[in-house]
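Have a look at this fold, sequence not included:
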């Protein structure tokens, strides 16, 4: 395994999109590329794979023009014998062909059983539903994000199988850009198992771009033998330059090891109680303790408690959160908040006038969509109905809890669209915490964040909890939250038609 | 050796700027064209006729600007009312307002404006509109009544678009009032380019309507009120006898090309009025499409 380093610069209309230095790629090995969202990891991956749109972007690789770079024999071979799994599978799938047709296209036609390969990524219980999924013409909302992600990964695996069967095939580059972003831990681990199984058969060059640091603990547990073939690195934005640096997996493991489950307030007053059996979108959503087979019970959160809702992708975690916060009308539900009973017949304006921003708030999953792109950071916080946000010092103090001191002066006047994905996510979370409402719902609070930001967000959550605020949490980062949230505060959400 | 790269780079930058900002290019061309026309009229048109053309041009532009202002004000207010009624599920007032708007929408603009002009005539006869400015304002208000629904449609469409995104929900659950979200976050921060483009298009539409209606009613509104009682506009100037004769000469040029030169010296009033209308409408159209291209609307 040899390690190569790349300097990559991508511009569009004279604006530098990414200026990345020292990006490592382990040839014949697996390179993990961590880092905050929006600092250019995907563009780096696309450039290395030779799939950049030259008409729209100006690009150099190690000071060589992209045209010359991508015309090189080894780059052409890498592209021909490789695969790029895009972060958003919808951008890859053709809406005019069924998924079943698409998994058999081109080189994949030589694969023995493409549907079977895709099926490897489903659990035994879920596999029967695959036939129905593959017969679908893909649309943005159908099948679900997690299902599309698994079909796409299956296509990459089929190509690996085809190449493994051709003994004279050249070396390829397989780029997986956030391949497990919409998957729960079980599905993610299944993906890693299948990927590493293939790597053991043939040592392809694999670049895995991800925010999911939890992969490290699973690899340590289940695939230690491959550690010599793995290179863990992260991209870090300093000023205008993004630098690649080694990320020691032990750092994360030690950090995870030192996490202790938070204390549960005893005899605290119940703030929120949501009855199980919420009927919405023709489904009934139920809370259970200790996994799918556990006892059905109502979700209950005391003051100063952190409650964690777990479920597979697409089950309806966000829908439940929206029902609780009054943004989604349910056909049937019942909850009690601060002693006031609310159900599907409760007037919408009760949430609007009495609860929102005063008694409860929510940080949404996608910071990109939750923030106004044309508002500056200062305007975003200044809009909040709290006196502290009317002054520059108040805003500075608030920003200091999730941003570096030297970052703040540059950040204040910057428009949201100019921020990196991680900065947006931190601002999105900060907005919810600043309001100091008794209840905060956090939907995927750690997505798009790098390791340092994750640490800061957890600290902020702990501070809020200590102040007596109740947090309801939805997250795929099970490795982290399992270490933090006591089992008694974990609710498994299941849906039935 | 002389380095030619800097001027070349400047030329490329300028051509890139003009290619990207066609709206500014056409705004500049319009100003240039109007300035050249003014200079030409100064040199070759007699003073009384020139004063009439200048007043007509100024009144037309002022009238069109007031139409835009009134349409934005009306459109904004009614759109907010509709959005609020819809949000609060107040079906009866929502349906009543929608019905009234649809009735107004079903009236052809020209017919509606003619009825409006009849109202203006009645007001003039009762001395209720004594000044030229008051008459222009009233004319603009009536014109605005038949174009403001474009603003309503635009604002509702923008609000609907943003309501589908999480950012409206995210702001609502932060306790931000819905009207602040709509006015500040959606319209001012995210729809300014749309509103500017719509205003420019309405400005062009207003000029067209004002000129057309003034031309149509050149036969007179009543025995006491005619175009001569109303503020002069480019439309009414075009309808005047002198201008009509000048315009007829353009047709004669086809059979007698030798008369072409005289168009710009002897028949200047009619030709310049026709040119000002056509040139302004053309430029406004290009500014509007330029804005659409620039902001990818």
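Right, received. Where do you want to start? Since the model is a prediction, treat every value here as computed from it, not as a measurement. Numbers count the residues shown, from 1 in each chain, chains lettered A, B, ... in the order given.

Centroid-wise, who is the farthest residue in chain A?
Here the centre of chain A is the reference, and by C-alpha atoms, centre = their mean the most remote residue is residue A:168, at 37.1 Å.

now stretch A:294-306: mean pLDDT?
For stretch A:294-306, mean pLDDT rounds to 92.

how far out from the middle of the chain is that stretch?
Here the centre of stretch A:294-306 is set off from its chain's centre by 25 Å, with C-alpha atoms, centre = their mean, to the nearest Å.

what does stretch B:52-71 give?
9 Å.

before we move on, what about stretch A:340-360?
How far stretch A:340-360 lies from its chain's middle: 30 Å, per C-alpha atoms, centre = their mean.

Now the terminal residues of that stretch, how far apart.
13 Å (C-alpha to C-alpha, to the nearest Å).

re the thing from before, helix, strand or coil for the residue farthest from the centre of chain A?
Residue A:168 carries the three-state label coil when classified by DSSP: H, G, I helix; E, B strand; the rest coil.

isn't residue A:157 right up against residue A:194?
Yes - using C-beta atoms under 8 Å, residue A:157 is in contact with residue A:194, at 5.9 Å. No exception for glycine: its C-beta is placed from N, CA and C like everyone else's.

Neighbour count: the two, which is higher?
Taking other C-beta atoms under 10 Å in any protein chain shown, residue A:157 and residue A:194 do not tie; residue A:157 has more neighbours (24 against 18).

tell me the contacts of the nearest residue to the more buried one once chain neighbours are set aside?
The spatially closest residue to residue A:157, leaving aside those adjacent along the chain, is residue A:117, at 5.0 Å (C-beta to C-beta, 6 or more residues apart in numbering or on different chains). Under the criterion of C-beta atoms under 8 Å, 6 or more residues apart in numbering or on different chains, the neighbours of residue A:117 are A:111, A:154, A:157, A:158, A:161.

let's see 10 Å
A:103, A:108, A:111, A:153-161, A:194, A:198 (C-beta atoms under 10 Å, 6 or more residues apart in numbering or on different chains).

pLDDT below threshold where in the chain?
Going with chain A. Counting by pLDDT under 70, the ranges of chain A that qualify are A:140-141, A:291-292, A:497.

should've been chain B
Residues of chain B meeting the criterion pLDDT under 70: B:1-5, B:219-229.

In terms of helices and strands, where is whichever residue of it sits closest to chain A?
Closest residue of chain B to chain A, C-beta to the nearest C-beta: residue B:175 (1.6 Å). Counting by DSSP states H and E, no helix or strand carries residue B:175.

neighbours of the closest residue to it other than its chain neighbours, just the number please.
The shortest distance from residue B:175 to any non-neighbouring residue, by C-beta to C-beta, 6+ apart, is to residue A:357 (1.6 Å). Residue A:357 sits with 20 neighbouring residues when counted by other C-beta under 10 Å.

mind checking how far the residue of chain B closest to chain A is from residue B:120?
48 Å (C-beta to C-beta, to the nearest Å).

interface residues of chain B facing chain A?
Proximity of chain B to chain A (C-beta under 10 Å from any C-beta of the partner chain) is limited to residues B:16, B:20, B:87-89, B:162, B:164-178, B:180-181, B:184-186, B:188-192.

give me that answer again for 7 Å
B:165-167, B:169-170, B:172-176, B:185, B:189-190 (C-beta under 7 Å from any C-beta of the partner chain).

for the contacts of residue A:117, which one is nearest residue B:54?
The shortest gap between residue B:54 and any of the contacts of residue A:117 belongs to residue A:155, at 71.2 Å (C-beta to C-beta).

Isn't that closest one up against residue A:109?
No - in this structure residue A:155 lies outside contact range of residue A:109 using C-beta atoms under 7 Å: 11.8 Å.

So which of these two has more stuff around it?
Remark: of residue A:155 and residue A:109, residue A:155 carries more neighbours, 25 against 11, as counted by other C-beta under 10 Å.

Run the chain-centre distance for the helix or strand where the more buried one lies.
Using DSSP H and E, residue A:155 maps to helix A:145-165. On the basis of C-alpha atoms, centre = their mean, helix A:145-165 sits 20 Å off its chain's mean C-alpha point.

same question, stretch B:268-280
Stretch B:268-280 sits 17 Å away from the centroid of its parent chain (C-alpha atoms, centre = their mean).

buried residues in it?
B:268, B:269, B:270, B:271, B:272, B:273, B:274, B:275, B:276, B:277, B:279, B:280 (16 or more other C-beta atoms under 10 Å in any protein chain shown).

who touches that stretch?
Contact with stretch B:268-280 is made by B:30, B:33, B:37, B:41, B:44-45, B:49, B:53, B:57, B:207, B:211, B:234, B:237-238, B:242-247, B:263-264, as judged by C-beta atoms under 7 Å, 6 or more residues apart in numbering or on different chains.
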